[in-house]
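Asker: What follows is a predicted protein model with its sequence.
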Number of protein chains: 2
Amino acid sequence: MKVWTASVIALITLIQPAQHARADDQGLPAASNVPGAELPSIHPDHSISFALKAPNAVSVQVAGGDGLGAGPFPMTKADDGTWSVTTPPSVPGFHYYWFVLDGVAVNDPASETYFGYGKETSGIEVPEAAAEYYAIGNVPHGEVRAKSYFSKTTGEWRRAMVYTPPDYDKHPTTRYPVLILQHGSGENEAGWTRQGRAQFILDNLIAAGKAKPMIVVMDRGYASRPGAPAIAAGSNAWLQDLQGAFSTFEDVVVRDLIPAIDASYRTIPNREHRAMAGLSMGGMQTLFITLKHLDKFAYIASLSGPVVPSLRIEDLVAGNNRPFDAKTAYGGAFADPSAFNKRVKLLWLGVGSAESDQFKTGIGGAVYALRAAGVHLEFYESPGTAHEWQTWRRDLHELAPKLFR
Amino acid sequence: MKVWTASVIALITLIQPAQHARADDQGLPAASNVPGAELPSIHPDHSISFALKAPNAVSVQVAGGDGLGAGPFPMTKADDGTWSVTTPPSVPGFHYYWFVLDGVAVNDPASETYFGYGKETSGIEVPEAAAEYYAIGNVPHGEVRAKSYFSKTTGEWRRAMVYTPPDYDKHPTTRYPVLILQHGSGENEAGWTRQGRAQFILDNLIAAGKAKPMIVVMDRGYASRPGAPAIAAGSNAWLQDLQGAFSTFEDVVVRDLIPAIDASYRTIPNREHRAMAGLSMGGMQTLFITLKHLDKFAYIASLSGPVVPSLRIEDLVAGNNRPFDAKTAYGGAFADPSAFNKRVKLLWLGVGSAESDQFKTGIGGAVYALRAAGVHLEFYESPGTAHEWQTWRRDLHELAPKLFR
C-alpha cells in the first residue's frame, strides 16, 4: 500500500500553503485511516488534507457526506503525479467520502471502508473536542457478536450483530433487556458498531451507571421473500414499496429475529424490556413495525426518520406538504393518546439541526401534531449536525439512559 | 450504487461473445458481490465477467491474486462508457482483485472489500464444486465476537476476533480448548472469518463430530511498543526486523492475549489444550512464538509460512539456498527430536502445490530436514492451489480434526 511520507505531506502543505491550513501544520492522521497511513490528516480547525497518486488523471476531486462541507473539492496535481487538497473546516463526526477520478467515484486506498450508499465507501473520523462518550475508554467492554440465524421469512441464514454488555458471560443467570437498533438506507448491520461506535457509547454509559446493561441487536434492514429478485442495498426500491419491503422486514423482526435472540441470549422476553430504534430508513422501519406490534415493544425511537402520514410512497412524497394527522397516522396507533401514553414508556423522535428541511419540517411537524393531540414524546435536536452519524451517536447517547427505567 | 441491469450484462456478453464464455451464458453473481450487484459474474468454467463504468478512461484492466489467472486483463470499452472483460477460467476459491484505472489501482464498487495488501481490497469468491465444508450449512452455528482487550505491551486497546462454538452460552460450565489462528502479511484479524470462513469450517466439522468444539482466537498480527512509529499493515518492515516486530507480537500473545482470553472465556488454560496456527507471516509468527514457549503450546501449525534457518532477514533471504539445519533452527527447539516428539502433540506444515518455488522448496526442504532428524510432523500439500485462501481453508479443514486429541 501507499505510505505517505513526511516529504509528501510537506509537499502537499507547500502546494496549499494558505488555503485553509498553515504550512507548518501537518495535521494528524485520521483514526479511520488504514494502519500507517499519514493522510488523510486532520488539522486543528478540522480542515482535512487528502491526497491520491494518479499521474495520468485529468481531474481528481474529493466528495462526500454532508459534514465534509460544500464539496466536491478539486484537487491539484504535483510534479510526482500526486493530487492533493486541503478542505475548508469540516464539522466533527464520521463522514463518508470518495475521490472522483476522471468522473469515476473511487475509494481512498488510505482509508478503511464502511458500508454506505450500498457499497464499501471510504470514511473519515473528525474528532469532536471533549466528546469522550464514543471513545474506547478504560472501562469494562462488552462484545460485538456476529450471530447467524435462520429466517423462515426469507428462507436464508441471516447475520445480526449483537452487543452483549460487559461481563455478560460472568453472570450466567442475569437476564437483560434488548434494544433492536437499525441502520439507514444503503448501510448494513455493521453500521452501528463501525460508523456509529454504539458498543463504546454503551460501554461508557454502563460504566458510568447512566444506562442499564442491555443487549443491542443490529440486524440487516433488507429482507426479501424467497424467489424475489435481488435489490441493491440503498436502492429506493426499499422505500418505494413501503408495505411490501417493510412488511417483509417486519416479519423477519417479529417472527424470526426476536425468537432467535430470545432463544440464544439471556433476554427478558417481554415488551417492557424490549425497545426498537433506528436511523433514517431504520427509523421509518421502527415506527412501521413497533406501532403495529405494541404488544412486543414499549420503547420506540426514530432518529432522523421521516414520520409519515401514511405508508404509501405517493403520500410520503406529498406528505411533506400535508399536516401529519395523529388520528389516522400509522393505522390509528395514536388515535387514543391517553391509552398510547399509558402503554408506551418512551416515544423518541430525533433530528439534526443541520438536516435538510425535508427532515426537519417533516419530523418537526409530526412532533407538533403528536404533542397537540396529547401524545407524550421526547424530541431531541442535535445541534449543528446533519443527516450523519454524529447526529445518531448523540441520539443513542441521550436515548440509552432513558430505556428500561 | 450502480445496479447492473440485464441489458448491460447482455451487452457485455455481446462484446465478448467468443472470448471465454458462451454468449448465452450470463453466469451467476459472485457471493462476494454487494447485495443486488449482477457483476462480477462467474461462468460454469470459472471464467469471470467484470465491468466498470468509466467513460473518460483511456485504459482499464482487472488484476488480482494468484488464483485469478495470469492477468492483468485488459478491458474493452462499450459505447455507453462501460469497460468489461471475461477472464480465462480461474481456480476456485477467494481471490483479491482490483481495477487498474488509467494506472491507479481502485476497488470494484460492486464487490465487498476485504483487508489485504494493507488496505481494503475487492475480492471474488469462485465456488469449488462439491466443497461444502466452508458453506454456511443447516447446522448449529457458533458466534464470532469482537473482543476488546488492553495490551500492556503496546499500551493500547486491541481487538481480537473470537469464535465460540455452537451452544457455548447454553453450557455455562463447559470449558474448551483454544486455537490461536493468525492471518498473513497485509491482512488483519478479520481475515480468517471474512476471507477464510473459519467459523463455517468449524461449525460444519463440529456438527459432523469431526472436530472437538473449540474457541478460536484471531488477533491482529501487528504490534508496536509504545511510541514506536506507525507501520503500514503489509509493510515489509514487519518481516525485515523479525526479532523486533515478532518479539513485540510474541509479548502481546504470551503476556496480554492469552491471559485476557483465559480470563474472559471458559478455556482449559494449559498447553495440552492450546494450539497456535497461522498462514504465511502468521505461520512464521506461530513457529517463532510457539517454539520459544513450548510450556504454553502443544499443537503448532504453519500454513504456507516460510520455515527459517534463523530469524535474521539476511539469513531468511539467503536461507532458501542453504539447507535447513534441524539442530540449530529456532534456537535449537528441534535439537532433541525425541524430547520434541514427546512434548509436541502436533507439528503441522502446509503449502499449496501451486505456490511459488520459494515457498515450496523452503517448506519442503524443512519438512525433509526435520523428518531426516527424526522430528514427527504432518505435511499437508493442497492440490492445485496457490498462496491463497483456498489453500488455508483446506489446511484448517484438515488440521482442526487433529487438534486436542
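Answerer: Yes, it's here.
Asker: residues in the stretch 201-350 of chain A within reach of chain B, list them.
Answerer: By CB under 8 Å from any CB of the partner chain, the part of the stretch 201-350 of chain A that sits against chain B consists of A:Y222, A:A230, A:I231, A:A232, A:A233, A:G234, A:S235, A:S264, A:Y265, A:R266. Heads up, the C-betas are built off the backbone N, CA and C, glycines and all.
Asker: Now, of those, which are buried?
Answerer: Burial by neighbour count, judged by 16 or more other CB atoms under 10 Å in any protein chain shown, picks out A:Y222, A:I231, A:A232, A:A233, A:G234, A:S235, A:S264, A:Y265, A:R266 from these.
Asker: Let's have those residues in CSV, adding pLDDT, distance to B:R159 and secondary structure.
Answerer: CSV is the format used below for these (pLDDT from 0 to 100; distance: CB to CB, whole Å; DSSP: H, G, I helix; E, B strand; the rest coil):
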residue, pLDDT, distance to B:R159, secondary structure
A:Y222, 95, 27, coil
A:I231, 86, 32, coil
A:A232, 87, 30, coil
A:A233, 88, 25, coil
A:G234, 84, 27, coil
A:S235, 85, 32, coil
A:S264, 97, 23, helix
A:Y265, 98, 21, coil
A:R266, 98, 24, coil
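Asker: Now do the helices in the stretch 151-300 of chain A.
Answerer: Ranges of helices in the stretch 151-300 of chain A, per DSSP state H, counting those that start in this stretch, are A:191-194, A:198-207, A:237-240, A:247-251, A:258-264, A:281-290.
Asker: May I have the phi/psi pair for the residue in the stretch 151-300 of chain A that chain B sits nearest to?
Answerer: Going by CB to the nearest CB, chain B is nearest to A:A232 of the stretch 151-300 of chain A, at 3.1 Å. With angles defined as degrees, to the nearest 10, A:A232 sits at phi -70, psi 140.
Asker: and A:F297, what does it touch?
Answerer: A:R271, A:R274, A:A275, A:M276, A:I289, A:T290 (CB atoms under 8 Å, 6 or more residues apart in numbering or on different chains).
Asker: just checking, the last one touches A:I300?
Answerer: Yes: in terms of CB atoms under 8 Å, A:T290 counts as a neighbour of A:I300; the distance is 4.6 Å.
Asker: between those two, what contacts are shared?
Answerer: A:M276.
Asker: which one of those two has more residues nearby?
Answerer: A:T290 (29 against 24; other CB atoms under 10 Å in any protein chain shown).
Asker: which residues touch the more buried one?
Answerer: A:T290 touches A:M276, A:K296, A:F297, A:I300, counting by CB under 8 Å, 6+ apart.
Asker: Tell me the confidence at the residue lying farthest from the centre of chain A?
Answerer: For chain A, the largest distance from the centre (CA atoms, centre = their mean) belongs to A:D79, which lies 39.8 Å off. Model confidence at A:D79, expressed as pLDDT, equals 97.
Asker: State the distance from it to B:P74.
Answerer: Separation of A:D79 from B:P74 (CB to CB, to the nearest Å): 29 Å.
Asker: And A:R145, by the same measure?
Answerer: For A:R145 relative to B:P74 (CB to CB), the value is 44 Å.
Asker: who's more crowded, those two?
Answerer: Legend: neighbour count by other CB under 10 Å for A:R145 and B:P74, higher for A:R145 (24 against 12).
Asker: Specify the next element, helix or strand, located C-terminal of the helix or strand that contains A:F99.
Answerer: If you go by DSSP states H and E, A:F99 is part of strand A:93-101. Going down the chain from strand A:93-101, the next helix or strand is strand A:104-106, by DSSP H and E.
Asker: Which helix or strand lies directly C-terminal to that next one?
Answerer: Per DSSP H and E, the first helix or strand lying C-terminal to strand A:104-106 is strand A:113-116.
Asker: What strands flank that next one, and is each parallel or antiparallel?
Answerer: Next to strand A:113-116 in the sheet, as set by DSSP bridges, lie strand A:119-126 (antiparallel).
Asker: buried stuff in the strand it pairs with?
Answerer: A:K119, A:E120, A:T121, A:S122, A:G123, A:I124, A:E125, A:V126.
Asker: CA atoms only: put the lengthiest helix in chain A into CSV for me.
Answerer: Assignment by DSSP state H gives helix A:357-372 as the longest helix of chain A. C-alpha atoms of helix A:357-372 as CSV (Å, rounded to 0.1, in the frame of the first residue of the first chain):
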residue,chain,number,x,y,z
ASP,A,357,-35.8,21.0,5.5
GLN,A,358,-37.4,17.8,4.3
PHE,A,359,-36.4,16.0,7.5
LYS,A,360,-36.8,19.0,9.9
THR,A,361,-40.2,20.1,8.8
GLY,A,362,-41.4,16.5,8.4
ILE,A,363,-40.2,15.4,11.8
GLY,A,364,-40.9,18.7,13.5
GLY,A,365,-44.4,18.8,12.1
ALA,A,366,-45.1,15.3,13.4
VAL,A,367,-43.8,16.3,16.8
TYR,A,368,-46.0,19.3,16.8
ALA,A,369,-49.1,17.4,15.7
LEU,A,370,-48.5,14.5,18.1
ARG,A,371,-48.0,16.8,21.1
ALA,A,372,-51.0,18.8,20.1
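Asker: Doesn't A:W392 belong to a helix?
Answerer: Yes: A:W392 forms part of a helix when assessed by DSSP: H, G, I helix; E, B strand; the rest coil.
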